[in-house]
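Student: what follows is a predicted structure for the sequence shown.
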Number of protein chains: 4
Amino acid sequence: MAAHQQPDRPHATESAAAPTGLWLVGARGSVATTAVVGLLALRAGLVDPIGCVTERPPLTDIDLPAWDQLVIGGHDIVDTPPAKRAEQLAGAGVLPPALLGAVSDGLAEVEAQLRPGYHPASHAGAQRAAADRLAADITEFRARHGLRRVVVVNVASTEPPLPRLPEHADLAALEAALADPARTVLPASAVAAYAALRAGCPYVNFTPSTGIALPALASLAEQVGLPYAGSDGKTGETLLRSVLAPMFAERALRVRSWAGTNLLGGGDGATLADPGHASSKLESKARGLAALLGSDVRAPLHIDNVPDLGEVKTAWDHVSFEGFLGARMSLQLTWTGYDSALAAPLVLDLARLVAAAHAAGQRGPLGALAFFFKDPLGSTEHRFAEQVRALAAWACELGGRR
Amino acid sequence: MAAHQQPDRPHATESAAAPTGLWLVGARGSVATTAVVGLLALRAGLVDPIGCVTERPPLTDIDLPAWDQLVIGGHDIVDTPPAKRAEQLAGAGVLPPALLGAVSDGLAEVEAQLRPGYHPASHAGAQRAAADRLAADITEFRARHGLRRVVVVNVASTEPPLPRLPEHADLAALEAALADPARTVLPASAVAAYAALRAGCPYVNFTPSTGIALPALASLAEQVGLPYAGSDGKTGETLLRSVLAPMFAERALRVRSWAGTNLLGGGDGATLADPGHASSKLESKARGLAALLGSDVRAPLHIDNVPDLGEVKTAWDHVSFEGFLGARMSLQLTWTGYDSALAAPLVLDLARLVAAAHAAGQRGPLGALAFFFKDPLGSTEHRFAEQVRALAAWACELGGRR
Amino acid sequence: MAAHQQPDRPHATESAAAPTGLWLVGARGSVATTAVVGLLALRAGLVDPIGCVTERPPLTDIDLPAWDQLVIGGHDIVDTPPAKRAEQLAGAGVLPPALLGAVSDGLAEVEAQLRPGYHPASHAGAQRAAADRLAADITEFRARHGLRRVVVVNVASTEPPLPRLPEHADLAALEAALADPARTVLPASAVAAYAALRAGCPYVNFTPSTGIALPALASLAEQVGLPYAGSDGKTGETLLRSVLAPMFAERALRVRSWAGTNLLGGGDGATLADPGHASSKLESKARGLAALLGSDVRAPLHIDNVPDLGEVKTAWDHVSFEGFLGARMSLQLTWTGYDSALAAPLVLDLARLVAAAHAAGQRGPLGALAFFFKDPLGSTEHRFAEQVRALAAWACELGGRR
Amino acid sequence: MAAHQQPDRPHATESAAAPTGLWLVGARGSVATTAVVGLLALRAGLVDPIGCVTERPPLTDIDLPAWDQLVIGGHDIVDTPPAKRAEQLAGAGVLPPALLGAVSDGLAEVEAQLRPGYHPASHAGAQRAAADRLAADITEFRARHGLRRVVVVNVASTEPPLPRLPEHADLAALEAALADPARTVLPASAVAAYAALRAGCPYVNFTPSTGIALPALASLAEQVGLPYAGSDGKTGETLLRSVLAPMFAERALRVRSWAGTNLLGGGDGATLADPGHASSKLESKARGLAALLGSDVRAPLHIDNVPDLGEVKTAWDHVSFEGFLGARMSLQLTWTGYDSALAAPLVLDLARLVAAAHAAGQRGPLGALAFFFKDPLGSTEHRFAEQVRALAAWACELGGRR
Ligand SMILES: NC(=O)c1ccc[n+]([C@@H]2O[C@H](COP(=O)([O-])OP(=O)(O)OC[C@H]3O[C@@H](n4cnc5c(N)ncnc54)[C@H](O)[C@@H]3O)[C@@H](O)[C@H]2O)c1
Ligand SMILES: NC(=O)c1ccc[n+]([C@@H]2O[C@H](COP(=O)([O-])OP(=O)(O)OC[C@H]3O[C@@H](n4cnc5c(N)ncnc54)[C@H](O)[C@@H]3O)[C@@H](O)[C@H]2O)c1
Ligand SMILES: NC(=O)c1ccc[n+]([C@@H]2O[C@H](COP(=O)([O-])OP(=O)(O)OC[C@H]3O[C@@H](n4cnc5c(N)ncnc54)[C@H](O)[C@@H]3O)[C@@H](O)[C@H]2O)c1
Ligand SMILES: NC(=O)c1ccc[n+]([C@@H]2O[C@H](COP(=O)([O-])OP(=O)(O)OC[C@H]3O[C@@H](n4cnc5c(N)ncnc54)[C@H](O)[C@@H]3O)[C@@H](O)[C@H]2O)c1
Ligand code: NA
Ligand code: NA
């Protein structure tokens, strides 16, 4: 079910190096703010593009929107000014304090592009009306800035897992339910994904929330001919796992258990402190490990909210494995990172790459972008080295067509 | 300088699934004894081949000597009986005590095939005489057991690094020096490698000692048409590094320093306690890291002899890296393993694979086996995923020719 | 509420160096079996008393039962022979395999002293009848071996926490309820503690289960004049915490969070896999940390059952603290130990020390033994250094009275 | 050889709560600058005294100079302005950037009190002349500010170990050699200590350099009746060791090896990158561990300069120990801290406490301050809990005399 080429569409040979919108759902959060500050700094040539894989071969072979061709807009349900959020992130060690002055004008411009997001708790009426309003915000943004396309990226707070309903699998039934003021058939992330598609925008889900991952929305994307990617950015512990688990397999070593504990503060920590919200994340992580190691490996996993850690995430993994003649051995890992600093460059990369896929007329789930995700849409590949290879092949193909 | 095919040689299409010798230099050591006990147990069907990559696709596509087609012989300079060494290893947790009874007859048979090794300190006369005696031990072993071929594998104690002499680069000059009773132009490992080649045997250097890695010996191997592989089995910290360093690179993260400390006891610990001997190992490890990360990454590295750890090796690595906008992050690893349990299955794998290369008429350094080594001969590739791929391609090619 | 002297009782000046019973509740478990094998080996002079604090000054000043004056008996609800359990523990690395032969006769003798324990699920009738039977087992044991006293030590599986009932606070009401066949007013551990007191025996609760920690049982102990100690042996992570938390305090450093994850297999792992049972342990650990650090320190704590770890327990702690001018720093710990090897010598120590307290006429909770426990009875002191001091003072006082 | 009371001296009952100088040797370094910024912030009430043990009972019982009674001066051999050094420390995460504005006037005042230090490389003439000049700087400072006393604290770069000379043990011979322009009989730290004594000042050596630790200087201190303390502030790995090693001993567990690796950048990292300079530090750490564990414990120890870590110090310790029946277990620690943030409050504490000792007429080595040092002068006690107790007793005694 990989994204496929549409040879008949006119823009199939178009270059993506054109004015492009990046519409952030959750635009006032840590990941979004870090991405925005970073984009402004890259544009001003103040920093190196560390962490941006689109600045490395082979992705440099693809025609991509340049840093100064990316225009930011977005939705959020709080109204913290980006400049204030940036200051907090600088205090927490994520952003260099010295950058703040240089980007303050840019942040004010971004602020002017932000619109109120949708949340079921503060909305009266049918979900369809909310989606229409969200879509209108995006199309106006596109028109206002004369953009060739807008990529919508979900970086909003993680939602709890969703009970499956019949409407989720049937577009007509879903749209009927959306029109019914008495129903709340979709979580906010899926309302936003629906709005993106209806506004004609490619879509990326950087979170473990539902987003576009419902059969009805997949068929809508197919119908309107749009590409999309997800789910849940792979930035820390899971990245390590997708690198290390294949190593054990390639060396014929038998992993017996893989235990993990994640300590984090920040906004994401507070959200995940709620067991309901954490369970989406835990499920997304567990799916990855089972795909890598098989489901008989015992893999207890915890996420703890530890507010004093601020924006730092610390993950400890303990791997117990068996070697020749049953010898028992272990590997321990401690990863200490700024989650937002790991996520933000990937958000920029994804905006550029999905813009290129759209320019090339690709549609459906972009399995070649599995490299970026804990729970890849359009791919069952979790091994990092294979994901690197698939991404390179995809880039080669796209690049060759220029 | 990869191994190449010799289409004109008669055995080029021969199968390696034939009686094959595995001649261990250092045959009474931990790695050798673990390999021997494991082979006996595999042959008897008492254990699963955990850690043996030749029992996994795609290597299972190649015709290889079966476990019961491998016959063990070897050299050592001490006379500890293998059965006694095995008992010590069982006490130290490397071997399951319950296996010892089942393999005791097999160990006695192996014991009967072992011959005194060469050591400069206990030898009078020219090195050539020593080499001739070593070669004769091997050819007699081959004849005695009617073996199709014998693979010589160096698993002897690590030697100190070797000052380079002009004779090392010129076979004729080297052979003249070898004939001179007043010279000691080669370290013991290279005398053994020379003897292997003169006995017509493919050769593997599982240690960081010199072995075959001298231009004069490489040209001899070329001349007599034999394949070889090395150097220094990649089993723990370096394996992890070859997996993790590429991850940072693929994610465009900037590694700033990679510090390591290795604690080990056992025979290898005692040898490496001597700074002279340790420096070969440290150099071999450092070369790998520089190849992976570039030479400007600060990478202090220590090996400490901690006798009370017995056969357990504990390695701690601390990686400091920089992400988006200069955010400073870190990864720590603690690896706790039985070195010999990690090395032994690879020794068996290498014997089988090098036998197959020989059967296929390959000669020169087998760069496709870089997967197994810290300091690969015939390859400059240190990234694990690329090594996996190269090995698979080689296997495919060999397998296809059956 | 510390234990106090009874100057008027005739045995107040008696020496404890007399034939003494050690009655283990949970006598066929890992801790019990390790204690028994160790006692047999100590008695035979085969091992050093590593881990036994009664063999170190100042405790050597007290008159204690010698190793060969301790006679083992006990209750359990399974019938695994101690010799078989010992074999499993040797396979898992807890016991040296070489000892098993030397202790097999001793284990057979112990086996002959074991009696079926009480479990509510397999008992019909009033709990009082069960308690009477347990007490009779112990008094017969005492008589059969001509023992001066018997110390009962609970090392049975951890129970879930107990809902508090009014009967728990009133001995008469409790005894009435015990006599009622329709009630199950006490958990098994408390039935056993009641039986111990009724048999005239001092009692130790090495587990986090209820045991003697009910007001009604405390008043019974007081009434019959018996000493007791508990609860929950302090052997790993909590031991470290009781040492490290005071260090932060003494250095005026502000601990902000102290997160912990425990991975364990074995029988205890299986029991604690059940959240009900784990919660007693978690509560006992959390009480200790709050006492040390104050209750505003965030301290998430997990216990995971990881069967492949066997008898090894691995605990990871992450401490985040603040220093001068708010500097944020951290300490991580990984403790890897054999739980039973840590617990067993303390069980022997406790048997000896509580015997000495009994010989000296002490009664009530022995707060001076807080050194041994996560959740000390008769003491609110959790700081290890203060516990060391209190134990030494107690020993001095006892020793001085000889 | 503990400090003793001088009952006959008039100031024996004087209070230390008086204007007091703190003269820092190495006044422009990280530790000094952090101490100065912190003192200014404490004086302004901008921060809590985290890390200051003199603000905790029982030390609060002693009459000490208040924060605003401490006046800073010092020597250094570079001329980086404190304000610039403070900015670098803020960039590196040691100081909160927000404090800098508030302390800039204070830093400028301090800057005006700093004088060029002595270094053999840039001095011509006899060492005695250098010492006289250093002493004059201090006495002028004392007079200028009307200070009751000045405590001199060495926080300069670590020196290499010193070859022992006969003059070091004989004050008259030493002073003769000091007067000889052709000799360089003392290292810079000892010249500064000599100058301090000659200026009538109590002295603290916070570094592993020689300082006052020569018999001739000890006899001078005795003669002039001054107290002193040292050596080498105990802030990280050694602090942990002095807490944990006694735990193993108290539990009768047998430590087998204790390996350590320290990674650090900053000025101290650069100095210690030189093996000559590092060896003082390694010796001071090793002496402590041997005192705690006995000298047969294998304890390999490394200090690596890793410049990218900046002011962060990361230490990894691996402890291997043996329990009951020889069970092999381990503890690993990773300590990540800002060295200067750990050291600075102790420097302030020491200035206050040594001022109090001086006010009380104590002289000689203040063994009661072993709590603060890796290599305590006047004490052989390395166990943290015992050091806590000794300090408390000393405080009690001093406090009682008020
Ligand atoms: N390394 C990483 O940081 C990483 C990796 C993978 C996934 N993610 C995911 O990225 C997301 C953002 O993380 P963060 O650290 O920035 O969290 P955050 O809490 O700082 O920001 C989330 C933002 O989303 C906003 N929001 C919530 N509901 C919304 C809605 N219905 N519509 C619009 N906006 C809404 C919030 O107001 C907030 O501003 C999380 O879901 C997280 O799981 C992050
Ligand atoms: N994971 C691993 O164990 C691993 C990985 C890579 C490399 N190696 C290398 O494998 C080698 C063997 O390691 P080990 O743990 O078995 O060591 P060991 O000390 O147990 O065994 C080495 C054996 O070599 C013998 N020997 C020494 N000099 C000899 C000579 N000149 N000729 C013949 N025999 C000689 C010794 O007597 C000894 O029996 C070492 O060089 C080690 O560095 C091991
Ligand atoms: N370091 C340590 O090992 C440590 C430290 C503190 C506390 N403890 C506690 O010690 C206890 C024993 O641990 P273990 O590892 O030996 O566990 P285990 O599961 O190996 O043994 C427990 C034994 O208790 C028996 N038992 C269960 N219910 C019983 C009953 N009602 N009457 C009599 N016997 C009963 C079981 O059959 C089993 O044989 C646990 O409660 C554990 O929490 C252990
Ligand atoms: N936790 C800790 O930071 C800690 C703990 C124990 C000991 N120490 C010791 O404290 C000292 C200072 O550490 P730092 O991190 O501030 O180092 P630093 O390099 O930042 O500062 C040292 C200062 O001393 C100055 N100096 C060098 N030689 C001098 C001389 N002869 N006279 C006067 N000044 C001189 C240097 O110019 C520099 O400004 C070191 O010796 C270190 O080992 C520090
Ligand atoms: Na190479
Ligand atoms: Na001392």
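Tutor: In hand now; what should we look at? Ligands and ions are numbered 1, 2, ... in the order given.
Student: what parts of chain A come near chain C?
Tutor: A:256-257, A:259, A:261, A:263, A:298, A:300, A:302, A:304-310, A:314, A:316, A:318, A:320, A:328, A:330, A:332, A:334 (C-beta under 8 Å from any C-beta of the partner chain). All C-beta atoms are positioned from the backbone trio N, CA, C, and that covers glycine.
Student: let's go with 6 Å and repeat that
Tutor: Selection of chain A residues close to chain C by C-beta under 6 Å from any C-beta of the partner chain yields A:256-257, A:259, A:261, A:263, A:298, A:300, A:302, A:304, A:306, A:308, A:316, A:320.
Student: adding neighbour count and secondary structure, write the residues you listed out as a markdown table.
Tutor: A markdown table is the format used below for the residues of chain A next to chain C (neighbours: other C-beta atoms under 10 Å in any protein chain shown; DSSP: H, G, I helix; E, B strand; the rest coil):
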| residue | neighbour count | secondary structure |
| --- | --- | --- |
| A:R256 | 21 | strand |
| A:S257 | 22 | strand |
| A:A259 | 24 | strand |
| A:T261 | 25 | strand |
| A:L263 | 25 | strand |
| A:R298 | 18 | strand |
| A:P300 | 19 | coil |
| A:H302 | 18 | strand |
| A:D304 | 25 | strand |
| A:V306 | 25 | coil |
| A:D308 | 17 | helix |
| A:W316 | 24 | strand |
| A:S320 | 26 | strand |
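Student: tell me which two in the residues you listed are the farthest apart.
Tutor: Of all pairs drawn from the residues of chain A next to chain C, the widest gap by C-beta to C-beta lies between A:R256 and A:D308 and measures 33.8 Å.
Student: state the pLDDT value of the closest residue to chain C within the stretch 1-150 of chain A.
Tutor: In the stretch 1-150 of chain A, no residue comes nearer to chain C than A:G93, which is 8.7 Å away by C-beta to the nearest C-beta. Note on A:G93: pLDDT of 89.
Student: likewise A:G400?
Tutor: The predicted local distance difference test score for A:G400 is 74.
Student: closest point of the stretch 151-300 of chain A to ligand 2, which residue?
Tutor: Of all residues in the stretch 151-300 of chain A, A:R251 sits closest to ligand 2, with a separation of 12.0 Å (C-beta to the nearest ligand atom).
Student: how many residues are close by that residue?
Tutor: Using other C-beta atoms under 10 Å in any protein chain shown, A:R251 is surrounded by 25 other residues.
Student: mind listing what's buried along stretch A:320-328?
Tutor: Buried residues in stretch A:320-328, counting neighbours by 16 or more other C-beta atoms under 10 Å in any protein chain shown, are found at A:S320, A:F321, A:E322, A:G323, A:F324, A:L325, A:A327, A:R328.
Student: can you give me the distance of the third one to C:V306?
Tutor: Computed as C-beta to C-beta, to the nearest Å, the A:E322 to C:V306 distance reads 13 Å.
Student: what's the local residue count around A:T139?
Tutor: Residues near A:T139, counting by other C-beta under 10 Å: 15.
Student: just the element for it, please.
Tutor: A:T139 is part of helix A:127-144 when elements are defined by DSSP states H and E.
Student: for that helix, give the mean pLDDT please.
Tutor: Mean pLDDT, taken over the full extent of helix A:127-144, equals 98.
Student: how about that helix and ligand 1, any contact?
Tutor: No - interface with ligand 1: helix A:127-144 contributes nothing (C-beta under 6 Å from any ligand atom), its closest point being 9.0 Å away.
Student: run through who's touching that helix.
Tutor: Taking C-beta atoms under 6 Å, 6 or more residues apart in numbering or on different chains as the criterion, the residues outside helix A:127-144 that touch it are A:21, A:23, A:73, A:115, A:118, A:123, A:150, A:178-179, A:186, A:191, A:194-195, A:198-199.
Student: mind listing which of these are in strands?
Tutor: Within these, membership in strands is found for A:G21, A:W23, A:G73, A:R115, A:V150, as judged by DSSP state E.
Student: doesn't the residue of the stretch 1-150 of chain A closest to chain C lie inside a helix?
Tutor: No - the assignment for A:G93, made by DSSP: H, G, I helix; E, B strand; the rest coil, is coil rather than a helix.
Student: can you give me the first-to-last residue distance of stretch A:118-127?
Tutor: Taking C-alpha to C-alpha, to the nearest Å, the span from the opening residue of stretch A:118-127 to its closing residue is 9 Å.
Student: buried set for that stretch?
Tutor: Using 16+ other C-beta under 10 Å as the burial criterion, the residues of stretch A:118-127 that qualify are A:Y118, A:H119, A:A126, A:Q127.
Student: and the two most separated of the residues you listed?
Tutor: Checked with C-beta to C-beta, those reach their widest spread between A:H119 and A:A126, with 14.9 Å between them.
Student: if we can go back for a sec, buried sites along the helix holding A:T139?
Tutor: Under the neighbour-count rule (16+ other C-beta under 10 Å), helix A:127-144 has A:Q127, A:R128, A:A130, A:A131, A:D132, A:R133, A:L134, A:A135, A:D137, A:I138, A:F141, A:R142 buried.
Student: for the fourth one, which non-adjacent residue is closest in space?
Tutor: Going back to what we said before, that points to A:A131. Take A:A131 and drop its neighbours on the chain: the residue closest to it by C-beta to C-beta, 6 or more residues apart in numbering or on different chains is A:A195, 4.4 Å away.
Student: can you count the residues close to A:A176?
Tutor: Around A:A176 there are 14 other residues, counting by other C-beta under 10 Å.
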